[in-house]
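Asker: I need the structure of the sequence given here:
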Amino acid sequence: MNVIDNAGPKPLQRSSISEFRLFFIFALLLVVAPLAAHAGQSTQTPPATAKNIFHLKYVTEETVYLDAGRNAGLQQGMLLHLVHADANGGTTEAVRFQGQEPIADVRIFSVADSSSAAEIIKSREVLVAGDIAYLDVESVHLREAQSDAMDSENYPVVVTFSYGDPLDEEIRATTVSPQAAARIENQMRGRIGWDLGTLSEPGGLSSRQVGLLVQADMSRLGGTYWNFTGYWRGRLNSQSTGSGRGVAPVTINDLINRTYHLGLFYQNPDSLITLGVGRLYLPWASSLSTIDGGYIGRRLTQTVTVGAFGGSTPDPTSWSYSPNQHIAGTFLNYERGDFQHQRISSTMGLATTSIGWHVAREFAFFENTLSLGRAFSVYNSLQADNGRNVVVGTSYKTGITQSFTSVRYQPITLLTFNLNHNYLRNLPTFDPALISTGLVDQYLFQGLNGGVRLEFPYHIAVSTDIGRSKNNTDKASSWNQMYGLNLGDIRGSGVQLDLRYTKFNSPFGRGTYEYVALSRNLSERLHAQVQGGIQHLNSSLSANSSSRFVTGTADWTIGSRYFLEGLYSWNTGTSLNYRQMNLTFGYRFGGFLRK
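Answerer: Okay, the predicted model is just below:
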């Protein structure tokens, strides 16, 4: 059961529109004034494209040394393939997709800022200095995921899973904007698969399900500036049988699948227009959460963009989630600088949400980011609603309904501090079934909280967040706590372990959850993961007061083009009880995979 929003649909209130518009105009002047001072200055320099090919500096009997390291995003454990360099010096990143058999495979075991050392796993020919090394497909994904995770600190979406999709071992879309990811020209890579599954519940009810999986990383389609990227998984149909002949329940897997992104984007550096269609973030305002729809933006200057957006809101991790809700609005963005140096981004806009074509909210939104390289960043998102009367007679005045502020400081690579403040005037309406997955941690911690993450040798990391929660309806504040432990490679076995414990006391309820995930590459082509969680929730707004789940997945690459995935999930609780099995067979396209 979803948390009920006691600020539901309403008829349009004309009496308060003037007050709301005055509020927005005042806020607009506050932001536009400093922007105008910079409008005539020089254009920003785009960040450099991340390299995916490197060179051998030195070769020994069992080790090679590369001309790149931590500054290029390389990490311990990454796999690279080697080929001989073009004698005429014409080797480019296209070598990754030419189907050329590698002459050797190496794995990085030591990384410095501008160099790294790797052990030779397999060698088919003699290696020499100057040979080309390029990242394996999964290592490219790993580097992008780590980079996206660092950028995601700047917006209020907490994704604390270890590498990969927590259920399907796919890459979770955590980038604020698809523009941030480095793209290879004319790259065509992805996979498509068919799902066959069963779902059984107590009482004899069962369902047979057919679904589809699509993962795409296609850039510069047909030589144009259109790109198709992301991940989507969903049901195509479901047939229920049994004594109840009811409707199959929405599972945790279904809910998490709604948080992934897949879209078609037009990004031309020489064009004034940019747009996107699909399941995506608004690139200039990720705090609006996922939208099933589209956006269009037009650059007025090199630093100022205006645009419009619209669609439905499917993301159950959103603080203002509601089934069958739609959103539409306009925005103005100012952006200057880049992530490697100093970057400023400021967005403001007006939006309206509706449920059943009745206006639910009219609000102004603001999103601001200031970052100084990778070491320091400040982020704030804010929404201010127009006053309204809801159907049950409750009145809401014009004012701030949501605010999230985050300050992040990383003095060294291994140590990160963060200080956050979260304010919600109304009760959040995310789906509480997702509490034990860690995807809604931000909304469990309201008020002020601080945290630290410390990384140790041997791929060990610990983290904690502690704060006092206080809502305007609370009589007293209470302590919230979150602790995490990640072991990236237990005693050299390749086993990864992720543990989390959270205790919270929020306006919608109080409780605890524990989460554990265990994964390992059993071979170069077979990966397995098991994860589970227990949550206890005491809330008058949800019937799911207790829940336990265990999910096991396996991903097997068959030959050079096919793959097979298996999933088993068990969930029991006061409102969700089911057993789910799923088998996916699919085809990989693009790139090069060894047989």
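
Asker: quick one: strands adjacent to the strand or helix carrying Val64?
Answerer: Assigned by DSSP states H and E, Val64 belongs to strand 63-66. The pairing partners recorded for strand 63-66 under DSSP bridges are strand 53-59 (antiparallel), strand 116-123 (antiparallel).

Asker: buried residues in it?
Answerer: Val64, Tyr65, Leu66 (16 or more other Cβ atoms under 10 Å). (C-beta placed from N, C-alpha, C; glycine too.)

Asker: picking up where we left off before, minimum distance to Gln340: which of the strands paired with strand 63-66 has it?
Answerer: Of all these, it is strand 53-59 that lies closest to Gln340, at 19.1 Å by Cβ to Cβ.

Asker: what bridges to Val452?
Answerer: Under the criterion used (DSSP bridges), Val452 bridges to Phe417, Thr464.

Asker: give me the distance between it and Asn422.
Answerer: Going from Val452 to Asn422 by Cβ to Cβ, to the nearest Å gives 18 Å.

Asker: next: Leu434.
Answerer: For Leu434 relative to Asn422 (Cβ to Cβ), the value is 17 Å.

Asker: equivalent analysis for Ser312, please.
Answerer: 25 Å.

Asker: so for the two, which residue has more residues nearby?
Answerer: Asn422 (23 against 16; other Cβ atoms under 10 Å).

Asker: which residues are in contact with the residue nearest to Asp136 when sequence neighbours are not counted?
Answerer: Distance criterion Cβ to Cβ, 6 or more residues apart in numbering; nearest residue to Asp136, sequence neighbours excluded, is Leu79 at 4.0 Å. The contact partners of Leu79, by Cβ atoms under 8 Å, 6 or more residues apart in numbering, come to Asp105, Val106, Arg107, Ile121, Leu135, Asp136, Glu138, Ser139.

Asker: show the pLDDT at Leu79.
Answerer: Leu79 carries a pLDDT value of 87.

Asker: kindly state the beta-bridge partners for it.
Answerer: Bridge pairing for Leu79 (DSSP bridges) gives the partners Arg107.

Asker: where does the prediction get shaky in this protein?
Answerer: Where the chain drops to pLDDT under 70, the residues are 1-51, 87-100, 141-142, 144-187, 239-248, 389-394, 469-478, 540-544, 591-595.

Asker: helices of that one, start to end?
Answerer: 17-36, 137-152, 252-257, 441-444 (DSSP state H).

Asker: ok, back up a step: and the contacts of Leu79, which is closest to Tyr513?
Answerer: For those, the nearest to Tyr513 is Glu138 (29.8 Å; Cβ to Cβ).

Asker: show me the beta-bridge partners of Gln215.
Answerer: Arg191, Tyr231.

Asker: can I assume it is in contact with Phe228?
Answerer: No: under the criterion of Cβ atoms under 8 Å, Gln215 makes no contact with Phe228, lying 10.7 Å away.

Asker: which of these two has more neighbours?
Answerer: Gln215 (22 against 17).

Asker: all strands of the stretch 251-400 of the chain, in order?
Answerer: 262-267, 273-280, 291-299, 304-312, 325-337, 342-355, 358-372, 376-385, 388-389, 395-396, 399-412 (DSSP state E, counting those that start in this stretch).

Asker: and what of the stretch 401-550 of the chain?
Answerer: Using DSSP E, counting those that start in this stretch, strands in the stretch 401-550 of the chain cover 415-424, 447-456, 460-469, 478-487, 496-506, 509-521, 526-538, 546-558.

Asker: so for Arg374, which of the ones you listed sits nearest?
Answerer: strand 415-424 (10.1 Å).

Asker: what residues does that closest one touch?
Answerer: 153, 156, 319, 400-411, 442-443, 445-455, 465, 467, 471, 507.

Asker: mind redoing it with 6 Å?
Answerer: For strand 415-424, contacts defined as Cβ atoms under 6 Å, 6 or more residues apart in numbering pick out 402-410, 446, 448-454.

Asker: for stretch 261-269, same thing?
Answerer: Defining contact as Cβ under 6 Å, 6+ apart, one finds that stretch 261-269 is touched by 173, 178-179, 225-228, 230-232, 274-280.

Asker: run the chain-centre distance for that stretch.
Answerer: 17 Å (Cα atoms, centre = their mean, to the nearest Å).

Asker: ok, how many other residues are close to Ile435?
Answerer: Taking other Cβ under 10 Å as the definition, Ile435 ends up with a neighbour count of 27.

Asker: residues contacting the nearest residue to it once chain neighbours are set aside?
Answerer: Nearest non-adjacent residue to Ile435, counting by Cβ to Cβ, 6+ apart: Gln535, 5.0 Å away. By Cβ under 6 Å, 6+ apart, Gln535 lies in contact with Ile435, Ser436, Tyr513, Ser547.

Asker: picking that back up, save the strands of the stretch 251-400 of the chain as CSV, and put in distance to Tyr501 too.
Answerer: Listed next are the strands of the stretch 251-400 of the chain as CSV, based on distance: least, Cβ to Cβ, whole Å:
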stretch, distance to Tyr501
strand 262-267, 33
strand 273-280, 32
strand 291-299, 33
strand 304-312, 35
strand 325-337, 33
strand 342-355, 34
strand 358-372, 31
strand 376-385, 26
strand 388-389, 39
strand 395-396, 36
strand 399-412, 22
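
Asker: which one of these lies closest to Arg520?
Answerer: Using Cβ to Cβ, these put strand 262-267 closest to Arg520, at 28.3 Å.

Asker: that closest one pairs with which strands, and in what direction?
Answerer: Strand pairing (DSSP bridges) places strand 262-267 next to strand 226-241 (antiparallel), strand 273-280 (antiparallel).

Asker: pull the residues that contact the last one.
Answerer: Around strand 273-280, the neighbours that count as contacts under Cβ under 6 Å, 6+ apart are 261-267, 292, 294-298.

Asker: write the PyMOL selection for whichever of those are buried.
Answerer: Only the buried entries of the contacts of strand 273-280 go into this PyMOL selection, using 16+ other Cβ under 10 Å:
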select buried, resi 261+262+263+264+265+266+267+292+294+295+297
